[in-house]
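> task: produce atomic coordinates for the following.
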Amino acid sequence: MRTAQLILASFIFVLGGAVWAADVISLTELAKPGRVLMLRHANAPGIGDPPNFKLDDCSTQRNLDAAGRAQAQALGRRLAQAGVREARVYSSQWCRCLETARLLNLGPVTPQPALNSFFARSGQRETTLVALRSFLAGLPTSGPPVIVVTHQFTINAFTSEGTASGGGSVFELNGSGAPRLLGAIKPD
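Residues are numbered from 1 along each chain as shown. Here you go, the predicted model:
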């Protein structure tokens, strides 16, 4: 089973990781009330996590490299220049997502289990997506920008689109678990 998941992940990463069906939009769209950016963590070489990784021990996980840290910082600066100087920032509990979220430097980061990966845990896919939709439905439709940092598989399952590390989708919140997709942002 693990081998099949690695092959699928490799295929998605190589062939679909940078493919977007959504139009690329300006970051200024995110500065409007009721917007959410669903962002894939910045560059973290590899696929998945080592066997027996621990959520509370970053040394056991796949983490950002120097390029990933620079990518997250650059995106944070681009967002600030586009008018997003403060946001409600939520992150998967994985270290690479938490570090990406912190390096954006746009506000305190709140871990959110609904953003966690279900790679190599396919039995958690539907539970995770239900929790993610519930979380999004509970966000204020006229509130400040929200940034959620998550994983390739989570974004792909939610949007049916691939994204490269450090890229994401911008949505307009509507009080439901299915916010309206406005477009995509490309990574640096």
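
> count of residues packed around the closest residue to Ser117 other than its chain neighbours?
Nearest non-adjacent residue to Ser117, counting by CB to CB, 6 or more residues apart in numbering: His151, 4.2 Å away. Using the backbone N, CA and C atoms, a C-beta is placed for each residue, glycine as well. Close neighbours of His151, defined as other CB atoms under 10 Å, add up to 23.

> what of the one 3 residues further on?
As a burial measure, Thr154 scores 24 neighbours (other CB under 10 Å).

> where does this protein dip in pLDDT?
Applying pLDDT under 70 to the chain picks out residues 1-22, 120-122.

> helices or strands up against the helix ranked longest in it?
Assignment by DSSP state H gives helix 66-81 as the longest helix of the chain. Under the contact criterion of 3 or more CB pairs under 8 Å, 6 or more residues apart in numbering; DSSP states H and E, helix 66-81 touches helix 95-104.

> repeat that for 10 Å
Under the contact definition 3 or more CB pairs under 10 Å, 6 or more residues apart in numbering; DSSP states H and E, helix 66-81 sits against strand 35-40, helix 95-104, strand 146-150, strand 180-185.

> give the next helix or strand downstream of the second one.
The first helix or strand that comes after helix 95-104 along the chain, using DSSP states H and E, is strand 109-111.
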